[in-house]
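**Student:** When you get a sec, could you give me coordinates for this:
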Amino acid sequence: MELKSVKEIPKLKNKRVLLRLDLDVSVGSDGFIDDCEDARIKSALPSIEFLIKKNARITIVGHMGRPGGRVNGSLVLLPVVKRMATLLGESMNSKTSIEKTRLNDFDAYSLIIESSRMKIDVLENIRFFPGETRNHANLASKLATLADVYVNDAFAVSHRAHASINAITKKLPPYAGIQLIKEVKNLGKVLKRPPRPLTLIMGGVKAETKLKLIEKFLPRSDYVLLGSALANNFYSELGFEIGNSRLSLGVGSIVKRLISNPAYTILGDVGKNILINPDEVANPDIKTIKSLRKRIILPPDVVLGEMHDNKRLENNIRLPRRTVLVRADNPEISPHPYSILDIGSVTVSLYKEIIKHSKTIIWNGPMGMFENEQYDYGTYQIAKSVAESKGRAIIGGGDTVTAVESDRIDFSRNTFISTGGGAMLEFLINPNLPGISPLIKKTTA
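**Tutor:** Got it, this is the predicted structure:
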């Protein structure tokens, strides 16, 4: 898949460029964005700096949160513009300033780089307009009045058919930004002939898309390692008591298909293809690892605690932390009011050994409630193991990236950290996304 690059736009000097970025980052209670939450802003800097060097006139469009087509004071982009100004000021060794402005139908901010008097306009949250999420041509037409060409560098939302992602490509000549091209190139390698063994590591919530990816990759995967809420759906479907553990709704049918998939059933009985005897994998070696190939693997032990009202706050943990082994002859994993909040040490050892022998790794979703230090061990150990692996790894998902960034783990050049979560999964399922297809170069016969 070859995309039309921003670097191929002819005569960029003074050309008006509408640059779509993903600016959906977490803002602290103090109104600032710290350096653990600004990965998506930093990933956009190469495209911004390239356009600055070419003396293009830049208008940035982006969003934050889901305001539902209405103005929401807590979701304005001013904190993002301030962080962007800081980062650009540092990279260009210049003071910066910000002014509020108005561009036709749009409220905006002008970010001014003092040393060159270069001005970058940033439109207010585009999702304040109801036409954005409805992919309205009318909104796209209004955006098009601000520019001569369009550049998409927002991979993380390129699976959305939104006005500033899809409809706009019918109004302006569309090109791909530097980060988006990097995403497509790295993810595309997995879709061709990735080195084997190939291991999928899937955790977190938002199970539907992850389960679809697992189903698609079954024929080419050697191991599928599950954790967190995603694993809970499998435990529940197999009849285990999981207490107050989180579940994803509406995915029962696909979980049943995966549990009974004959391609992944070695022992013949439904369920045995993913239930591992914890005694047999307590000290895993290469022989053990090879015996588990072509299997979906549930954690053989888990860590329990209480998550009051399912809020991820440390002061809600009331019951003592405890670890239990998952055994086929014991239907009660997590008695009420306990919840499964992390993978156990046996699972960590097993997963690390599998990762060690993998040549391709795809990881999306943490292994537990990593936000609380009592339950971050599993996610941290998996991240550390992926970082130390000699195989090629792709990591994606907002929570996953937050976890690995906050742990300050030094990943090798063989690891690509995607800015997309759902977009990464959707691309691996079907790369012809609403925001990607219009950027593909047309081949001539």
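**Student:** how about the strands in the stretch 51-200 of the chain?
**Tutor:** Under the criterion DSSP state E, counting those that start in this stretch, the stretch 51-200 of the chain carries strands at the ranges 57-61, 96-103, 106-113, 118-123, 149-152, 174-176, 198-202.
**Student:** for those, which one sits closest to P320?
**Tutor:** Closest approach to P320 among the strands of the stretch 51-200 of the chain is made by strand 198-202 (28.3 Å; C-beta to C-beta). For every residue, glycine as well, the C-beta is placed using N, CA and C.
**Student:** isn't there a helix covering I296?
**Tutor:** No: under DSSP: H, G, I helix; E, B strand; the rest coil, I296 sits outside any helix and is assigned strand.
**Student:** L258 is in contact with that one, correct?
**Tutor:** Yes: between I296 and L258 there is a contact at 6.2 Å, judged by C-beta atoms under 8 Å.
**Student:** contacting residues for L146?
**Tutor:** R16, L18, T59, L103, N104, F106 (C-beta atoms under 8 Å, 6 or more residues apart in numbering).
**Student:** which of those residues are buried?
**Tutor:** The neighbour count (16 or more other C-beta atoms under 10 Å) marks L18, T59, L103, F106 as buried among these.
**Student:** Which of the contacts of L146 sits closest to W363?
**Tutor:** Out of these, the member with the shortest distance to W363 (by C-beta to C-beta) is L18, at 33.5 Å.
**Student:** Including distance to A154 and pLDDT, could the contacts of L146 go into CSV?
**Tutor:** CSV is the format used below for the contacts of L146 (distance: C-beta to C-beta, whole Å; pLDDT from 0 to 100):
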residue, distance to A154, pLDDT
R16, 18, 98
L18, 12, 98
T59, 14, 98
L103, 19, 97
N104, 21, 95
F106, 17, 97
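**Student:** from those, which is closest to G73?
**Tutor:** Nearest to G73 among the contacts of L146: F106, at 17.0 Å, using C-beta to C-beta.
**Student:** how close does that closest one sit to N138?
**Tutor:** 14 Å (C-beta to C-beta, to the nearest Å).
**Student:** ok, E241 - contacts?
**Tutor:** Contact partners of E241, counting by C-beta under 8 Å, 6+ apart, are P331, E332, I333, S334, P335.
**Student:** switch the cut-off to 10 Å
**Tutor:** Neighbour list for E241: Y235, N330, P331, E332, I333, S334, P335, H336, Y338 [criterion: C-beta atoms under 10 Å, 6 or more residues apart in numbering].
**Student:** Is the fifth one in contact with R322, as I believe?
**Tutor:** No: distance between I333 and R322: 11.5 Å, which falls outside the contact criterion (C-beta atoms under 10 Å).
**Student:** Need the overlap of contacts for those two.
**Tutor:** V302, L304.
**Student:** Settle it for me: which of these two has more neighbours?
**Tutor:** Between I333 and R322, counted using other C-beta atoms under 10 Å, I333 has the larger neighbour count: 24 against 12.
**Student:** Which elements pack onto the worst-scoring helix or strand of the chain on mean pLDDT?
**Tutor:** Every helix and strand in the chain was compared by mean pLDDT, DSSP states H and E; the lowest is helix 398-406, with a mean of 73. Judged by 3 or more C-beta pairs under 10 Å, 6 or more residues apart in numbering; DSSP states H and E, the packing partners of helix 398-406 are helix 39-53, strand 360-364, helix 377-388, strand 392-396, strand 415-417.
**Student:** Please identify the deepest-packed of the ones you listed.
**Tutor:** Among these, the stretch with the highest mean neighbour count (mean count of other C-beta atoms under 10 Å) is strand 360-364, at a mean of 26.
**Student:** Sheet partners, orientation included, of it?
**Tutor:** Paired neighbours of strand 360-364 in the sheet (DSSP bridges): strand 198-202 (parallel), strand 392-396 (parallel).
**Student:** So the chain: which segments form each domain?
**Tutor:** Following automatic domain parsing, the chain resolves into domains at 6-182, 193-429.
**Student:** Distance to K441 for these - can I get that in CSV?
**Tutor:** Formatted as CSV, the domains of the chain follow (distance: least, C-beta to C-beta, whole Å):
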stretch, distance to K441
domain 6-182, 9
domain 193-429, 17
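**Student:** Which of these comes out lowest on mean pLDDT?
**Tutor:** Ranked by mean pLDDT, the domains of the chain bottom out at domain 193-429, which scores a mean of 84.
**Student:** chain center to that domain, what's the gap?
**Tutor:** Counting by C-alpha atoms, centre = their mean, to the nearest Å, domain 193-429 is centred 16 Å from the centre of its parent chain.
**Student:** Next: stretch 55-62.
**Tutor:** Centroid separation between stretch 55-62 and its chain, computed with C-alpha atoms, centre = their mean, is 25 Å.
**Student:** send the alpha carbons of it over as CSV?
**Tutor:** Extracted in CSV, the C-alpha atoms of stretch 55-62 (Å, rounded to 0.1, in the frame of the first residue of the first chain):
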residue,chain,number,x,y,z
ASN,A,55,6.9,27.9,4.3
ALA,A,56,3.4,26.5,4.0
ARG,A,57,0.5,28.2,5.7
ILE,A,58,-0.8,25.6,8.2
THR,A,59,-4.2,25.2,9.7
ILE,A,60,-4.5,22.3,12.1
VAL,A,61,-7.8,20.5,12.8
GLY,A,62,-8.3,18.0,15.6
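**Student:** Tell me the buried residues in it?
**Tutor:** A56, R57, I58, T59, I60, V61, G62.
**Student:** Please report the number of neighbouring residues for the closest residue to F106 other than its chain neighbours.
**Tutor:** Closest residue in space to F106, ignoring its immediate chain neighbours: L123 at 4.8 Å, by C-beta to C-beta, 6 or more residues apart in numbering. L123: 24 surrounding residues under other C-beta under 10 Å.
**Student:** Please apply the same query to the one 5 residues further on.
**Tutor:** With neighbours defined by other C-beta under 10 Å, the count for F128 comes to 21.
**Student:** Hmm, it is touching V71, no?
**Tutor:** Yes: counting by C-beta under 10 Å, F128 does reach V71; the two are 4.9 Å apart.
**Student:** Name the residues contacting each of the two.
**Tutor:** Common neighbours of F128 and V71 (C-beta under 10 Å, 6+ apart) are D107.
**Student:** now the closest residue to I382 other than its chain neighbours: how far from P195?
**Tutor:** Excluding the flanking residues, the one nearest I382 by C-beta to C-beta, 6+ apart is M367, at 5.6 Å. Using C-beta to C-beta, one gets 24 Å for the distance from M367 to P195.
**Student:** okay, these two: which has more neighbours?
**Tutor:** Using other C-beta under 10 Å as the criterion, M367 and P195 rank with M367 on top: 36 against 11.
**Student:** which one of the contacts of L146 is nearest P434?
**Tutor:** Taking C-beta to C-beta as the measure, P434 lies nearest L18 of the contacts of L146, at 16.9 Å.
**Student:** how about the closest one, what does it touch?
**Tutor:** 58-61, 121, 123, 143-152, 164, 168, 171-172, 174.
**Student:** All set now, cheers.
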